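Q: Below is the sequence, then the predicted model.
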Amino acid sequence: MNSIWKEIINIANQANRTIIFLKEDIIDRKEECERLGIPSKTVLYSVVSNSNGIIIDNWIRIWGQDSSLNNGLFYYNSKFKDYISGMILVACDVVGGLFAINITRFNDNNLIWYFAPDTLDWECLDMKYNEFLAWTFQGNIDEFYETMRWENWDEDVKGLEINKAILVYPFLWAKECDIENATKKLVAIDEIISMNFDYSNKF
């Protein structure tokens, strides 16, 4: 266990929310990290090297390695490469939002951007990856998701499979969407991601 991973564990242990580390089957992912341009001795490399992912409050999924139970960082970046030129996807949430590190797409220095399912636009979070990870552990994510959560959302996402997500209809980006009364349907997260990217391109 390297020092970076120990620090990640320590920060998680001090958090006041539910954090689950997935460790189904850890193998050497050095080649995949190199293909994605992820330097060693970085926080992202450490997450991918030491876990199959991290789940925060059953809502945010930080991607690690692929396993028999979950798709991981390399899977999503390969599947959606045509939509994310100049970025590396690193996480998602249960309503289809995406977090990515900007590499060359936008004019900043490797900051985290969020593809918001309620606007279908990328927005800069002004955080590096290590700051983003700390924010998910200890920051005010409740405020961030205030307009995308409904009463008893925590019961609806409890035990949700990591490759699944909740499709809200009318869609979160639609003017007629009333989050409390909207239909919530369990689907594959890939389905929501693909649909949101397609609608974004149309608009």
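A: That came through, no problem.
Q: where's residue 196 relative to residue 95, distance?
A: 10 Å (Cβ to Cβ, to the nearest Å). The C-beta positions use only the backbone N, C-alpha and C, and glycine is treated the same way.
Q: Spit out the residues that contact these two alike.
A: residue 117 (Cβ atoms under 8 Å, 6 or more residues apart in numbering).
Q: pretty sure residue 11 is touching residue 138, no?
A: Yes - judged on Cβ atoms under 8 Å, residue 11 makes contact with residue 138 at a distance of 7.0 Å.
Q: Checking the closest residue to residue 79 other than its chain neighbours next. Helix, strand or coil?
A: Of all residues not flanking residue 79 in the chain, residue 190 sits nearest, at 6.9 Å (Cβ to Cβ, 6 or more residues apart in numbering). Secondary structure for residue 190, judged by DSSP: H, G, I helix; E, B strand; the rest coil, is helix.
Q: Near residue 190, how many residues? Count them for me, please.
A: Applying other Cβ atoms under 10 Å, we find 16 residues neighbouring residue 190.
Q: ok, the residue of the chain most remote from its centre - contacts?
A: Distance from the centre of the chain peaks at residue 176, with 26.0 Å (Cα atoms, centre = their mean). By Cβ under 8 Å, 6+ apart, the residues touching residue 176 are residue 170.
Q: on that earlier part again, what sits against the residue nearest to residue 79?
A: So residue 190 contacts 71, 79, 163 (Cβ under 8 Å, 6+ apart).
Q: Quickly note the distance from it to residue 163.
A: Counting by Cβ to Cβ - residue 190 and residue 163 are separated by 8 Å.
Q: Touching both of these two, which residues are there?
A: Joint contacts of residue 190 and residue 163 (Cβ under 8 Å, 6+ apart) are residue 71.
Q: Show me what the lowest-mean-pLDDT helix or strand in the chain is packed against.
A: Counting by mean pLDDT, DSSP states H and E, the chain has its least confident helix or strand at helix 30-35, which shows a mean of 77. Contact here means 3 or more Cβ pairs under 8 Å, 6 or more residues apart in numbering; DSSP states H and E; on that basis helix 30-35 packs against helix 43-50, helix 73-79.
Q: Can you tell me which of those helices is packed in deepest?
A: helix 43-50 (a mean of 23; mean count of other Cβ atoms under 10 Å).
Q: which residues touch that helix?
A: With Cβ under 8 Å, 6+ apart as the criterion, helix 43-50 contacts 1-2, 4-5, 8, 23, 26, 28-30, 32-33, 38-39, 54, 62-65, 72-73, 88, 90, 101, 129-130, 133.
Q: could you point out which element follows that helix?
A: strand 53-56 (DSSP states H and E).
Q: if we look at that next one, which residues are touching it?
A: Here strand 53-56 makes contact (Cβ under 8 Å, 6+ apart) with 12, 17-22, 47, 61-65, 70, 72, 136-137, 141, 162.
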